[in-house]
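Engineer: Next one to model:
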Amino acid sequence: QVHVAESGGGLAQAGDSLRLSCEVADWRQNWIMAWFRQAPGKEREFVAGISWRNARQFYADSVKGRFTISRNVATNTVYLQMNNLEPGDTATYYCAIDEKLRSGPADVRPDEYDDWGQGTQVIVSS
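Structural biologist: Residues are numbered from 1 along each chain as shown. This is a model prediction of the structure:
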């Protein structure tokens, strides 16, 4: 089990920006790191993913053009820059690791991820 810790959530108004951070205790080249979110009463959904190996990025359609995922290999940190926030972005955001060796895009199914953080809450008001 890899320790995963998110930070950076908070309150925002529509149109604002927030940056979430995810620190991991270690990393491997073949891992995919991803952000998921879960709003009250809804299922957990994929937001964005990134390959540690080559920084290839993957996004849900709902956040393309507004959110950017990035990684810093020197500090074992993955970021989610969220711009132009909308009330529909309100959710608890989770960082997760897919440790399996994959050649294709990030898997959007939460069950395929091996390690999870505790989550950080983002609330966007209109």
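Engineer: buried set for stretch 95-112?
Structural biologist: By 16 or more other Cβ atoms under 10 Å, the buried positions in stretch 95-112 come out as 95-98, 106-107, 110, 112. Any C-beta I mention is one placed from the backbone N, CA and C, and that applies to glycine too.
Engineer: Quick check: beta-bridge partners of the closest residue to Ser70 other than its chain neighbours?
Structural biologist: Nearest non-adjacent residue to Ser70, counting by Cβ to Cβ, 6 or more residues apart in numbering: Tyr79, 4.9 Å away. Applying DSSP bridges to Tyr79 gives these bridge partners: Ser21, Ser70.
Engineer: shouldn't Tyr79 be in contact with Ile69?
Structural biologist: Yes - counting by Cβ atoms under 8 Å, Ile69 is a contact partner of Tyr79 at 6.9 Å.
Engineer: from the buried residues of stretch 95-112, which is closest to Ser62?
Structural biologist: Nearest to Ser62 among these is Ala106, at 15.1 Å by Cβ to Cβ.
Engineer: Thought Phe58 was touching that closest one, still the case?
Structural biologist: Yes - at 4.2 Å, Ala106 counts as touching Phe58 under the criterion of Cβ under 8 Å.
Engineer: Can you work out which residues contact both of those two?
Structural biologist: 34, 49-50 (Cβ atoms under 8 Å, 6 or more residues apart in numbering).
Engineer: Drop anything exposed from those residues.
Structural biologist: Buried by 16+ other Cβ under 10 Å: 34, 49-50, out of the shared contacts of Ala106 and Phe58.
Engineer: Those residues into a markdown table, with extra columns for pLDDT?
Structural biologist: Putting these into a markdown table (pLDDT from 0 to 100) gives the following:
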| residue | pLDDT |
| --- | --- |
| Ala34 | 97 |
| Gly49 | 97 |
| Ile50 | 96 |
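Engineer: how about JSON lines for those, with distance to Ser126 and secondary structure added?
Structural biologist: Below are these laid out as JSON lines (distance: Cβ to Cβ, whole Å; DSSP: H, G, I helix; E, B strand; the rest coil):
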{"residue": "Ala34", "distance to Ser126": "28", "secondary structure": "strand"}
{"residue": "Gly49", "distance to Ser126": "28", "secondary structure": "strand"}
{"residue": "Ile50", "distance to Ser126": "30", "secondary structure": "strand"}
